[in-house]
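1. A predicted structure for the sequence below; I have some questions about it.
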Amino acid sequence: MAYQAKRRKQFVEDFELMNEDGTIAHTLHVSLDADDMVGKINRKYAELTKTLAETTEIKRQSESGEVDADCYERLGTAVVNLFEAVFGPEDTETIVQFYNNRYIEMCREVTPFITQVVIPQCIKIKQENQQSILQSYNRKQRRAFLKKVK
């Protein structure tokens, strides 16, 4: 009998964009690929945080407390890049069009899905995958592997 390797179940979360009257305008299916997604999200989230800090610093240093359009554009680009890491370019375009380029509202409504659903689920999937891999090794090999990971 041949050795068999099989693929595991794909994890998917649905994200619904709802109109003001409560009807669902779009349903986006987000594939949670922990191996690929966690790194991309972390990089884009760090970029967004850095851009937000820079924007806040510029606002603090300006005499009038106003932020110029360039800062908002950079912040909007960082938000869109984070969304693309999660949703992909096509679904991100759907989100941007749905919110009609109202980036503050879009960020306020969509970012919690990323921080409260996607990231915890990806971390959970990654931990389950790690445990599954570790079970295939003997005790000595597991200990050596865990030392390398930490």
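-> Looks like it came in fine. Residues are numbered from 1 along each chain as shown.
2. tell me which residues are up against stretch 30-50.
-> Residues outside stretch 30-50 that contact it (CB atoms under 8 Å, 6 or more residues apart in numbering): 10-15, 75, 78-79, 81-82, 84-87, 91, 114, 118-119, 121-123, 125-126, 129. Backbone N, C-alpha and C define where each C-beta goes, glycine included.
3. and the lengthiest helix in the chain, which residues are buried?
-> Secondary structure of the chain per DSSP state H: the longest helix is helix 34-61. For helix 34-61, burial by neighbour count (16 or more other CB atoms under 10 Å) applies to 34, 37-38, 41, 44-45, 47-48, 51, 55.
4. pull out the buried positions in stretch 15-26.
-> Buried, per 16+ other CB under 10 Å, within stretch 15-26: 15, 17.
5. so how far is that stretch from its chain's centroid?
-> 21 Å (CA atoms, centre = their mean, to the nearest Å).
6. do a quick rundown of the helices in this structure.
-> 34-61, 69-87, 89-98, 103-113, 119-135, 139-149.
7. which of those comes out lowest on mean pLDDT?
-> Among the helices of the chain, helix 139-149 carries the lowest mean pLDDT, a mean of 67.
8. what is the neighbour count of L28?
-> 19 (other CB atoms under 10 Å).
9. surely it and F15 touch.
-> Yes: L28 sits in contact with F15 when judged by CB atoms under 8 Å, with a separation of 4.5 Å.
10. what's the local residue count around V110?
-> 20.
11. quick one, what contacts it?
-> Contacts of V110 (CB under 8 Å, 6+ apart): 15, 83, 95.
12. now do the contacts for the first one.
-> Pointing back at F15 there. 27-30, 87, 110, 113.
13. same check, this time on the second one
-> The neighbourhood of F83, defined by CB under 8 Å, 6+ apart, consists of 92, 95, 110, 114.
14. what about the third one, distance to I104?
-> Relative to I104, V110 is positioned 11 Å away (criterion: CB to CB, to the nearest Å).
15. can you count the residues close to P112?
-> 10.
16. sorry, that was for F87
-> Neighbours of F87 (other CB under 10 Å): 22.
17. roughly how far apart are it and K40?
-> 11 Å.
18. show me what contacts F87?
-> Contacts of F87 (CB under 8 Å, 6+ apart): 15, 28, 30, 95.
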